[in-house]
Structure formats: structure tokens, C-alpha cells
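Asks: With the sequence up front, the predicted model follows.
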Amino acid sequence: MRIKLGYGQVYLFNVLVVRFGKNFFFFELKHFTNQTPIFVSFSFYPAITCDLKSTVPMITSGIYGETEKHEQQSCPYLFCELLELDAEISGKKCCWQEIARHAVFDQWIKYEETVAASRARWSKPHIPLLNQHSLHSLKIHLTRGIFLPNCEAITFNDVIGELTLFHQLNFMCGLFYIILFSDIIINEWKKNNLLQSPNDRMIKDLFLFPKCHVSSKPLGFRNCMQPLKSDSYEFDHHGEEYPSIEPLSKSEQKSIVYNKTLHEKLPSDTCAAVMFVGKSRFVNKPVSAFVRLKLASHMPSVCEINLPVSYIFVLLAPEYHANDLAHIGRCLASLLTDPAYVKHFRTANSGNELAESIDAFMDKALIIPPNKWPYEVKLHAEKVQLIDEISNNRKDSNEKHKGDLEGLCYTGRIFGGLVEDVKRRLWFYKDDFMDAFVDFSAMSQVLASAMFIFLTNLANIIIFGAVMGHMLDNQMGVIECILSGCISGIAFSLFSGQPLNILSATGPVLIFESLFYKLCSMWGWNFLASRGWLSFWSSLIILLFVATDGSFLVAYITRFTEDLFATLIAIIFIVESVQSMVKIAVENPITYEPDEIFKEPPCQCVMKRGTNETTGHIIQNITSKGGECNLLGGVPEGLRCSFHPDVFLFSFVLFISAFLIMLGFKLLKNSNLFPKRIRELLTNFSALISIAVTTIVKEFVGLKVPELVVPSKFQPSFERSWYVDWTNVQHWWIGLICFLPAILLTILLVMDQQITAVIINRKENKLKKGYGYHLDLLVISVLMLICGLFGLPFFVASTVLSIGHVQSLRMESPSRAPGDKPIFTGIREQRVSSFLAHLLIGISLFLTMLVQMVPLPALLGVFLYLGISCMEDQQFVHRILLFFSPVKHQPEFAFLQSVPLLRVHFYTAIQIAAFLLLCIVKYTKEISMLFPLMLFFMVLLRKLLGRLFTVRELRALDDQLPTWSELTGCHSH
């Protein structure tokens with residue numbers, strides 16, 4: 001029957017449609033030469049429209065099986081591969097050559113890689129540049145081509161069978177119809193001049209020819225699900241017998257070579273979309289098909305990676321076709337890797353619905369004028385990632401995450417917050433140990449982190465111990481600091497709520513200790529006994545603070561205060577490192593005129609007879625700055641006694657070398673040098689490598705540079721027993737008076753501990769095991785009593801060391817888009833690294849010979865690196881640099897998109913003034929005791945900023961202050 005549908009064309013259908021009321025009866029016809037058509041089947045279809053042009057596609061779906069709205073099996077990640085039919089070799093052989101690939105991850109549009117002209121390497125990942133004409137052509141092909149939704153084919157051969165045996169398109173109308181017999185397909189193709197050969201197997205075998213991927217050798221038809229027995233892939237133009245087809249054996253399936261390296265970077269639930277485009281002499285008009293599999297199926301060798309295939313697109317055109325078919329394939333890949341439009345492909349039931357998604361895509365697309373952007377100039381991945389970050393930050397800034405207040409809720413019950421912390425952390429307690437041994441990568445990272453914390457914390461403890469011994473007249477010194485670091489660190493790593501925090505000696509606590517010692521000396525009190533009562537009251541106050549859920553006040557410590565405190569501590573680390581190097585320069589000055597030194601007589605040791613008398617006995621060639629002379633009871637004389645050339649310069653070389661080695665390994669991690677695992681291993685052990693290299697160089701050169709000084713005997717620095725008798729005070733009321741300074745000490749300890757915990761628990765670190773502010777303070781309270789009983793220094797969380805610990809445990813997903821930066825997935829939360837590091841600190845008391853080999857300048861270089869790396873992550877520092885950066889060169893920070901630049905500068909100026917005030921209080925001895933109160937003042941200042949800035953501005957520049965209802969109601973979540 002002939003039906004006229006419009007466009008001035010008449011089309012032949014092999015279906016007879018008879019309408020009765022609202023229902024259609026249709027009959028399939030079989031044509032025989034010179035005979036009347038006969039009916040071969042009968043079907044009933046309830047029609048809902050009388051428009052034949054829109055009804056025919058519905059009728060055809062009734063023949064093949066009614067298509068229902070069925071969303072495809074969820075594949076949140078999609079990998080697209082574009083294969084182009086390569087030129088035939090000698091007119092007989094050809095293959096499908098991979099020319100491009102796309103990928104989408106984490107619901108963000110990602111990038112395209114294209115094959116270079118050499119067919120041997122991939123281009124740099126870039127944003128695909130689409131051609132408008134190609135998008136229009138794709139729309140036509142999807143509308144007029146075959147569309148198989150929810151196809152139940154299992155193998156690639158099944159898909160091709162579906163296309164060649166059952167479905168074909170009449171291109172001039174845009175309607176689907178179903179033909180059940182292959183001879184009718186060939187007849188229709190011949191009538192429309194679509195084929196030059198009467199054998200449909202040529203088209204079928206065309207798609208089963210070898211697939212050539214850049215990452216592997218050509219994968220032939222033997223590696224497709226249905227292999228040929230013959231080694232030939234030639235077309236038979238004379239109708240000879242084709243080779244038989246057999247299923248692929250298990251051994252042959254195992255022999256297929258896939259791109260495992262790329263596969264490891266993809267998430268486990270990634271599916272594939274494969275597009276075949278090419279020109280062939282067997283068609284003289286474009287033919288296309290889009291197949292959406294009902295269930296994603298593995299099809300060996302069809303894709304470069306062993307992934308389940310969800311979509312297949314086929315586009316063939318004659319050899320003289322003008323359009324670039326590869327551009328059409330890239331357009332489809334861009335649509336499939338765009339989360340805003342791929343959902344249309346998952347649910348569409350007709351080509352018209354797919355065309356609508358292209359229209360929506362083109363409405364949002366921006367067109368670059370010709371000759372304004374050469375096609376050869378690709379927009380590479382790293383230049384576009386800031387767009388994603390800005391968009392992501394906008395979403396985060398507009399949403400208040402309930403998890404931000406986790407562990408800071410006010411329960412209103414005695415020890416209510418502590419109970420919640422214990423419940424939260426007890427659930428993960430076993431995992432806190434097992435997660436350190438899940439694989440080799442985890443074990444190496446944890447071991448490297450432990451060694452890093454061991455070396456840096458030990459150096460920090462020894463330096464502070466030496467300063468403490470000087471300030472306290474050796475009432476406490478290096479050995480007490482090492483012992484306290486071991487006991488406090490191990491206890492905190494085992495029982496705390498946030499084991500990522502690292503306890504160490506801190507500057508504010510050291511200043512408080514020195515001031516309290518001066519107070520005791522001035523009033524004639526026994527320092528260690530009075531200090532015991534100080535620790536008792538401080539421990540009791542902290543315990544009451546925990547019992548009343550006092551940690552909920554930490555919720556008012558926002559980024560404003562966090563950045564000030566973290567920057568101040570980082571500055572302290574940098575300043576202390578530089579000051580220590582200056583001290584080395586003073587003790588070992590640079591000799592600008594060495595000739596004057598050598599003109600002097602050698603170092604002489606004049607032996608003493610009495611107090612003011614000396615003998616004439618002189619010992620020459622005394623070394624070690626007269627150390628030998630002092631041991632002999634003499635007096636070194638002469639310029640050469642204190643002359644050690646190049647000590648400071650060599651120390652400076654070690655100082656800078658250690659810093660540059662750690663910085664170099666950090667840059668190496670994101671470079672293209674070495675395999676990924678080697679880069680990770682070197683980065684993890686960067687601190688240990690830098691210390692080892694500088695130590696070896698120091699030993700090889702042989703110059704006497706300052707080294708770590710560890711006590712060789714396990715005994716207190718002062719002649720006393722390890723146990724401190726608190727009753728050994730001059731008056732009974734001294735213990736009561738100590739309550740007043742204990743209040744200041746408690747404020748200092750709580751603020752130090754909790755601000756560091758807030759910085760570590762930032763949502764940017766993506767911690768998953770919860771927090772434990774109350775539990776942390778309980779452990780600190782117990783440690784205060786222990787340290788008071790044994791005369792050990794008070795240790796609290798060190799901000800810089802804790803940040804360094806967290807950075808050393810960063811995890812990055814192996815699944816990321818090519819060309820994309822490593823995807824940060826979180827921190828390896830465990831207790832082993834901290835436990836092992838502090839255990840090694842205790843063991844170092846028995847390894848003095850080994851520890852004393854480490855040059856002090858190298859450790860100072862590590863401190864410098866820690867301070868700088870801590871500062872570079874602070875938004876406060878970034879905003880300071882904006883003062884010196886022209887507007888056109890300023891980074892695309894998210895807050896600059898929401899807040900005018902002058903308002904940003906005003907906010908930064910206030911923060912700079914607050915920072916300078918903290919520095920003045922910190923470094924002025926007369927008022928340094930007020931430093932803990934200044935931290936409270938910073939919180940109050942942040943509250944007052946609400947009168948100077950709008951809520952929108954503060955949300956962009958800082959964290960939003962919680963309301964009382966949020967603090968009292970969040971525990972119910």
C-alpha cells in the first residue's frame with residue numbers, strides 16, 4: 001500500500017493498517033514476484049491518535065514489542081570511545097581505529113582526548129570544541145536513524161544482528177518501521193540505493209572487523225564475542241560461503257589485552273558508550289542507529305577497557321560524503337558525558353526525544369566566532385577546573401551542612417557530649433587500626449607518616465626542652481620533654497576522639513611555664529610541688545568543662561579565628577627556624593679574613609694551679625673549641641681555639657637542602673615523572689629522605705655542625721626522684737592559690753587543643769569517622785594529672801604538626817578523568833601512625849648515638865617547610881596577597897565571585913590588625929600571660945563583624961555562626 005505523509009513524497013510500507021474506531025488492526029505483508037501480496041501475520045494495536053505520521057512509529061513498536069518508559073540501569077560514570085573506520089588496505093582489509101575518548105566523573109563534565117596523527121599517543125586532555133553543523137547532523141541522524149531503546153542484546157554480534165536483520169530506516173521521512181525478513185531489508189535498501197552489494201553480511205561483518213586501540217595491539221574479530229575461524233577479514237564480492245561463527249572460548253576471553261592502567265583510574269560502576277563512524281563503498285546514503293541496552297553487558301574487545309557497554313552508536317556514510325563523521329561522534333560523546341543531558345538518552349523512547357535534548361544543548365552552548373579561536377588551540381583541562389571549583393564552592397557556601405556541628409551540640413545532660421563521642425568513636429575503634437593495613441599503599445603511607453611525625457616532633461621536643469631547661473634552671477629539660485611526648489602521645493593516640501591531632505611542646509605553654517617558675521622563685525615556693533597543684537586544678541576544671549558540654553562553645557570558633565591562630569603558629573615555626581640558624585651564625589661566624597687567623601699561634605691550653613694562678617705548662621693543638629682543655633682543667637687561648645671554618649655556611653646548605661628536597665617531592669607528586677606509585681612512595685617518605693640525605697652528606701663532609709642532643713642517661717635533669725611530692729610546699733594555702741593561675745592555664749590548653757581540633761576537623765578534609773571534642777579534653781585532663789605527678793611538661797595539640805600529619809595522610813582516588821587533577825577523597829583516619837611515632841620518641845632515649853647523628857639545620861629546614869606549607873593553605877594569606885595582585889591577574893577564588901574586592905580588602909585589613917595584636921601579646925613578655933584571653937577576644941571580634949558585613953559576605957569569607965537552636969537541636973539528627 002502507498003501512503004502519502006507529507007513533504008511531497010510517497011513511501012512504500014509493508015504494513016496494512018485498518019482502523020475501527022480508536023483501534024488499529026495491522027497486517028504484515030509478504031511480497032512475491034508477480035504475485036498478489038499475502039498476509040503472513042495479524043496483530044491488534046490500541047491506537048490513541050488518528051495522525052498516521054505519529055502513529056506509525058507506535059505501530060512498529062507494537063510489532064517489535066511495545067517500548068515502555070524504562071530508565072536504564074544506573075551508570076553514574078560513563079566512558080565514551082569513538083572508533084572510526086580506517087581506510088581499507090588494498091581494497092580488502094580494514095579496521096576500526098580509536099580516535100577519541102571522553103569520560104564523566106562525579107557529575108562534572110570532563111575532557112576529551114584525541115589520537116595524534118601518528119596513531120601512537122594521546123593528545124593532552126582538553127575541552128571538546130564542537131561544530132554547530134555537526135550537532136545539526138547528529139540531530140538528523142538520531143531523528144531519522146534506527147533507535148533501539150532497552151535492547152536486550154548480550155553480545156556485540158547480537159546488537160549488529162538486531163540492526164541488520166530486523167530494523168532499517170527510510171531516511172527521507174523520519175519514521176521507524178519494522179521488517180522481519182532480511183530479503184525485504186535488502187530489497188528496500190536497493191530500492192533506496194543505500195547498498196551496492198546484495199549481501200547484508202557485508203555490512204554486518206563490517207562492524208565486526210578488528211578494533212585498533214592506541215594502548216594495545218589491533219584487537220581483531222577473534223577478540224569479539226563471535227570469532228571467525230578464518231584468519232581473513234576480507235569481503236566476499238561473489239557470494240561465496242562465509243566463515244562459520246563460534247562463541248569465544250574462556251581461554252580466548254582471558255587472552256584479550258585491555259588498558260588496565262586507565263581502568264584503575266575509573267570508578268567501579270563505570271559503563272561504556274561506543275560509537276562507530278566511518279565511510280564505506282557499500283552504502284551510498286548515510287545510515288545510522290542508536291542502541292541503548294536494557295542491561296549493560298560486557299562485550300570483549302569492543303571497548304578499550306573491559307567495561308559493560310550501555311550505549312552503541314553506528315553511523316555509516318558513502319565515501320564521497322562531505323560531513324566529518326568523527327565530529328558527529330564527538331558531539332554525541334559530549335552529550336553523553338554531560339550529566340544535564342545524558343538523562344534524556346536514558347529515558348527517551350524515540351529519536352524525536354533525543355533531538356529535543358540536542359536542541360536544549362544548543363540553547364545553552366556558546367559559539368566562538370570564526371578565526372577568533374583556532375581549532376588547533378585546545379582549551380586544556382587544568383585551565384577549566386577552576387570553573388568547576390567555583391561552582392562547587394558556590395553550592396557549599398549556600399548550604400549549611402548539619403555535619404559541621406557534629407560533636408559540638410549541647411545535650412543538656414551531665415557528660416552527654418562525652419557519651420556521644422564515645423559512641424561515635426567506639427564504632428570505628430577497630431577500623432582505626434585495621435585501616436592502616438588494608439594494602440601496601442596504606443601501610444607505606446602510615447609508616448612514612450609515622451617517621452615524619454617522629455623526626456619533626458622529636459626535633460621540636462628537643463629544641464623546646466633545651467629552651468625549657470634554660471628558662472627553668474633545669475627543673476625540667478630535654479629528657480622530661482621526651483618522656484612526656486612518649487607518654488602523652490601514646491595515650492592520646494589510643495584513647496582520644498581525634499587521633500590525627502599530634503601532642504607536642506608548644507610556645508604558649510612554654511611561656512606560661514616560665515612565668516609560673518618566676519612567680520614561684522619570687523615567692524619562694526617549691527616549683528614542682530606547686531606545679532603539681534596547678535595541674536590538679538587545671539585537670540579538675542577541664543573535667544567540669546567536659547561534664548557540662550562546654551565544648552559546644554567551640555562552634556563559635558570560625559575560619560576567622562582559625563586562620564589567625566594557624567597563621568600565627570606557622571609564623572612561629574618559621575621564625576624559630578630562622579632564629580636557630582642565626583644562633584648558629586653567631587656561634588660560628590663567617591671568617592672574612594682567614595689569613596689573620598692563621599697568622600696567630602695554634603690553640604693553647606694553659607693549665608690552672610689555683611683560682612687566679614696558672615702554671616707555665618702549655619698544651620698545644622687543642623681542638624673542639626677548647627673542650628679538651630676544659631676537661632683537663634685548663635683555659636684555651638688563641639683565635640684558633642674557636643675557629644671552625646665553614647660551619648655556618650655548611651649548616652645553611654643543609655638547612656636549604658632539606659627544605660628544597662621536601663618541596664621538590666611535593667611538586668613531584670603532581671608531575672609526570674616516574675610511575676604514580678613511585679611518586680607516591682617518594683612523597684610519603686620525603687621527610688625521612690631529606691633527613692637521611694643531609695645526614696649522609698654531613699658525615700661525608702665531616703664538618704662539625706650542630707646536632708640533636710639527647711640525654712645519654714635516663715634520669716631527671718634536676719637531682720630529684722621521678723615522683724613529685726605535692727605536699728612538699730611551704731604553706732597549705734599554696735595549693736589553693738594555684739587555682740587562679742590554673743584558670744589561665746586551662747583557658748590556654750583548651751583553646752590550643754580545640755582550635756587545632758577545629759582546623760583538623762574542617763569539612764575540607766572530608767573526615768568520615770566523626771569527631772571527639774569532649775573525649776579529647778578528657779584525655780588531656782588525665783594527662784595533666786600524670787604530668788603533674790611525675791614532673792613532666794604539659795603537652796597539647798600542636799597546630800602545625802597536626803596539619804602536617806593530616807597532609808601526610810591525604811588519599812586521592814585512583815579513578816579520575818584523564819588530564820584532571822588528582823581527586824582528593826579524604827584522610828586515612830587511623831591511630832597507628834601517631835602511636836608508632838610517639839613510641840619511637842620513647843625508644844630514642846636508648847638510641848642516642850643514632851639520633852645524635854641527625855644535623856640540627858636539616859630539621860630546621862623541615863620546620864621551615866612545615867610552616868610555609870601550613871600558611872599556603874590559609875585563606876587569610878591568600879587574601880593578603882590580593883593586595884599586591886592586579887585585578888586581571890587575581891586567582892578565581894570563590895569569595896571574589898560573591899563579594900566586591902574593596903569589601904574583601906576591608907575584611908582582610910581587620911584580620912591583619914587582629915593578627916598583629918596577637919603577635920604583640922605573644923612576643924611581649926610582660927603581657928604574654930594574656931595570650932589565652934586574646935583568643936577569646938578574637939571570637940568576640942568575629943561576632944561584631946556581623947554589624948559591618950552582610951550575611952552573604954560573611955558566608956563567602958567565613959563560616960556562619962550557629963544559633964542556639966542549632967546547637968541544642970543538632971544532636972537529635
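Replies: Perfect, thanks for sending it.
Asks: Give the residue spans of the stretch 451-600 of the chain that score low on pLDDT.
Replies: Applying pLDDT under 70 to the stretch 451-600 of the chain flags residues 594, 596-600.
Asks: repeat that for 80
Replies: Applying pLDDT under 80 to the predicted model, the residue ranges of the stretch 451-600 of the chain that meet it are 507-508, 590-600.
Asks: What segments of it are strands?
Replies: Remark: strands of the stretch 451-600 of the chain, listed N- to C-terminal, are 503-504; assignment by DSSP state E, counting those that start in this stretch.
Asks: Residue 355 touches residue 143, doesn't it?
Replies: Yes - taking Cβ atoms under 8 Å as the contact criterion, residue 355 and residue 143 are neighbours in contact, 4.8 Å apart. For the C-beta atoms, the positions are set from N, CA and C on the backbone; glycine is no exception.
Asks: Just the helices from the stretch 651-800 of the chain, written as ranges.
Replies: All helices of the stretch 651-800 of the chain, identified by DSSP state H, counting those that start in this stretch, fall at 676-684, 686-701, 734-737, 739-760, 773-790, 799-808.
Asks: got the contact list for the second one?
Replies: Okay, so that is helix 686-701. Judged by Cβ atoms under 8 Å, 6 or more residues apart in numbering, the contacts made with helix 686-701 from elsewhere in the structure are 448, 451-452, 455-456, 650, 654, 657-658, 661-662, 665-666, 682, 705, 853-855, 857-859, 861-862.
Asks: The residue nearest to residue 294 when sequence neighbours are not counted: neighbouring residues, count only.
Replies: Distances taken as Cβ to Cβ, 6 or more residues apart in numbering put residue 150 closest to residue 294, at 4.1 Å, once the chain neighbours are dropped. Neighbourhood size, residue 150 [other Cβ atoms under 10 Å]: 17.
Asks: do the same with residue 317
Replies: Counted with other Cβ under 10 Å, the neighbours of residue 317 add up to 23.
Asks: Now it: phi and psi?
Replies: When quoted as degrees, to the nearest 10, the phi and psi of residue 317 stand at phi -140, psi 160.
Asks: tell me the mean pLDDT over the lengthiest strand in the chain?
Replies: Longest strand of the chain, by residue count under DSSP state E: strand 287-298. Mean pLDDT, taken over the full extent of strand 287-298, equals 80.
Asks: Mind listing what's buried along that strand?
Replies: 287-293, 296-297 (16 or more other Cβ atoms under 10 Å).
Asks: Can you name the two of these that sit furthest apart?
Replies: Spanning the widest gap among those are 287 and 296, at 24.9 Å by Cβ to Cβ.
Asks: right, and residue 945 touches residue 954 too?
Replies: Yes - taking Cβ under 8 Å as the definition, residue 945 is a contact partner of residue 954 at 6.6 Å.
Asks: out of the two, which sits in the more crowded spot?
Replies: Between residue 945 and residue 954, residue 954 has the larger neighbour count (other Cβ under 10 Å), namely 21 against 18.
Asks: in what helix or strand does the more buried one lie?
Replies: For residue 954, the host element (DSSP states H and E) is helix 951-957.
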